[in-house]
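Q: I would like to see how this sequence folds:
(chains A and B)
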Amino acid sequence: GNSVTQMEGPVTLSEEAFLTINCTYTATGYPSLFWYVQYPGEGLQLLLKATKADDKGSNKGFEATYRKETTSFHLEKGSVQVSDSAVYFCALRPDAGGTSYGKLTFGQGTILTVHP
Amino acid sequence: DGGITQSPKYLFRKEGQNVTLSCEQNLNHDAMYWYRQDPGQGLRLIYYSQIVNDFQKGDIAEGYSVSREKKESFPLTVTSAQKNPTAFYLCASSITGLKTQYFGPGTRLLVL
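A: Numbers count the residues shown, from 1 in each chain, chains lettered A, B, ... in the order given. Model prediction:
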């Protein structure tokens, strides 16, 4: 079946540090890949996505590249801010067809805390 | 403003009681979803609906029920058969099942 594995957290950084959150997946075919962010007490917000191999998703200084050869979609940001403190979820959606139509599979989430 | 609304923000359930969580969207999306989030875990799919008057069980449907009588509404009932209902419940919608899902603000369910 499909699965998503994120790096263990929590991650604690100082402001302006470089961020990497690792995400690897298991799925057949060419799934779409997503990063969602959840601020305390809120729902999930789409951060970025990539729908085919070698695509790079980017938003608000965050980037992730869909690497088919390593089945990875690592999230990076060059300089984090205190306001980036949140929980980050990696997710995949299977490609068309099969019994998993439209179903998202999530990683367990990574808590990021950024200190001033 | 277009979006997804969930109510209430907090809900308390007594033993043996059924409770219903509301989810409404005005995005004209065909597909809607319910997820459960437990601390330290990712989201797990409870039920989903690709079109009005049709819905399918997700990975953890036992103890839950849904209806989809209107395109914009997808209420979730947590029945007394759900023995561990305390969690954060998130509703999502997408244009179709193969498009990006957008999430509501969530409802936190607590057991008295």
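Q: Look up how far B:Gly58 lies from B:Phe103.
A: In this structure, B:Phe103 and B:Gly58 are 15 Å apart, going by Cβ to Cβ, to the nearest Å. No exception for glycine: its C-beta is placed from N, CA and C like everyone else's.
Q: More neighbours: the two, which one.
A: In this comparison of B:Phe103 against B:Gly58, neighbours counted by other Cβ atoms under 10 Å in any protein chain shown, the higher total goes to B:Phe103 at 21 against 18.
Q: Roughly how far does the residue in chain B positioned nearest to chain A sit from A:Asp95?
A: Chain A sits closest to B:Gly97 of chain B, with a gap of 2.7 Å, by Cβ to the nearest Cβ. Going from B:Gly97 to A:Asp95 by Cβ to Cβ gives 12 Å.
Q: and what of B:Ala87?
A: When distances are taken as Cβ to Cβ, B:Ala87 and A:Asp95 turn out to be 30 Å apart.
Q: who's in contact with A:Lys68?
A: With contact set as Cβ atoms under 8 Å, 6 or more residues apart in numbering or on different chains, A:Lys68 has these partners: A:Tyr30, A:Ala53, A:Asp54.
Q: how about low-confidence regions in chain B?
A: B:1-2 (pLDDT under 70).
Q: packing partners for the worst-scoring helix or strand of chain A on mean pLDDT?
A: Across the helices and strands of chain A, mean pLDDT, DSSP states H and E gives its lowest value to strand A:105-106, namely a mean of 92. Counting by 3 or more Cβ pairs under 8 Å, 6 or more residues apart in numbering or on different chains; DSSP states H and E, the packing neighbours recorded for strand A:105-106 are strand A:3-6, strand A:86-93.
Q: Off-centre distance for the shortest one?
A: Here the centre of mass of C-alpha atoms in strand A:3-6, compared against the chain's by Cα atoms, centre = their mean, to the nearest Å, lies 10 Å away.
Q: same question, stretch B:83-94
A: For stretch B:83-94, the distance from its own C-alpha centre to the chain's C-alpha centre is 5 Å (Cα atoms, centre = their mean).
Q: State the helix or strand in which A:Pro40 lies.
A: Mapping A:Pro40 onto the secondary structure by DSSP states H and E places it in no helix or strand at all.
Q: how close does it sit to B:Pro75?
A: When A:Pro40 is compared with B:Pro75 (using Cβ to Cβ), they lie 26 Å apart.
Q: Assumed B:Gln6 was part of a helix.
A: No - using DSSP: H, G, I helix; E, B strand; the rest coil, the secondary structure at B:Gln6 is strand, not a helix.
Q: List the single closest residue to residue 55 in space, sequence neighbours excluded.
A: You didn't pick a chain, so chain A it is. With sequence-adjacent residues excluded and distances taken as Cβ to Cβ, 6 or more residues apart in numbering or on different chains, A:Asp55 is closest to A:Tyr66, at 4.8 Å.
Q: My question was about chain B, not that one.
A: Beyond its immediate neighbours in the sequence, the residue positioned closest to B:Phe55 (Cβ to Cβ, 6+ apart) is B:Ser49, lying 4.0 Å away.
Q: Next, the angle strand A:86-93 makes with the helix or strand hosting the one you found.
A: Secondary-structure assignment from DSSP H and E places B:Ser49 in strand B:43-51. When axes from the mean of the first three to the mean of the last three Cα atoms, to 10 degrees is applied, the directions of strand B:43-51 and strand A:86-93 differ by 50 degrees.
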